[in-house]
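> what shape does this take:
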Amino acid sequence: MLRNRRGSEPVTARSDLRLRQLLATVFVPLFVAGTALFWYWMTQTGPGDVPSEGSLRVLTVVCGLLALFAAVDLAVVLRRRRRGDDARDERERQRRTPRARR
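Residues are numbered from 1 along each chain as shown. As a prediction, this is how the structure comes out:
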C-alpha cells in the first residue's frame, strides 16, 4: 500500500485533532460572519461603487466555501474524537517514544 511513497513524512504521521478542532471552532463562525457581512454589503452597493458588486460576490462565495470546509472538518474531527482516534494516537505516540532512564 505505501511501498511507492515519495515524501519525507513518517509513515505513521497523524494530525493533531485537538488543534484542528480548535481552529475549526474559531473559523466556522468567523467565515459565516464574513459571508453574511459581504452578502449584506453586496446588496447595499450601487452602480459605480467601489468595491463592485462582483468583487463582493466573489468574497461572499469564498467565505461561504471556507465556512463549509471548516464545518466539514469540524464534523470529521468530532467523529474521530468520539470514536477514540485521538486517544489511540496518543497511546501509539507514547509507545513509540523511548522512555528516559532514571
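> who touches stretch 37-49?
Applying CB atoms under 8 Å, 6 or more residues apart in numbering, the contact partners of stretch 37-49 are 51-53, 56-57, 59-60, 63. All C-beta atoms are positioned from the backbone trio N, CA, C, and that covers glycine.
> ok, these vs Ser15, which is closest?
Cys63 (24.1 Å; CB to CB).
> how about low-confidence regions in this protein?
1-6, 9, 11, 13, 85-94, 96-102 (pLDDT under 70).
> from the contact counts, what lies against the longest helix along the chain?
Assignment by DSSP state H gives helix 53-83 as the longest helix of the chain. For helix 53-83, the packing partners by 3 or more CB pairs under 8 Å, 6 or more residues apart in numbering; DSSP states H and E come out as helix 17-44.
> what are the buried residues along the helix it packs on?
17, 20-21, 24, 27-28, 31-32, 34-35, 38-39, 42 (16 or more other CB atoms under 10 Å).
> out of these, which is nearest to Ala71?
Nearest to Ala71 among the buried residues of helix 17-44, with distances taken as CB to CB, is Val28, at 5.2 Å.
> now the closest one: closest residue in space, sequence neighbours ignored.
Ala70 (4.6 Å; CB to CB, 6 or more residues apart in numbering).
> residues near the one you found, how many?
Neighbourhood size, Ala70 [other CB atoms under 10 Å]: 21.
> contact partners for it?
23-24, 27-28, 31.
> list just the nearest of the residues you listed to Arg80.
Ala24 (12.2 Å).
> quick check: the closest one touching Leu68?
No - contact between Ala24 and Leu68 fails when scored by CB atoms under 8 Å: they sit 11.5 Å apart.
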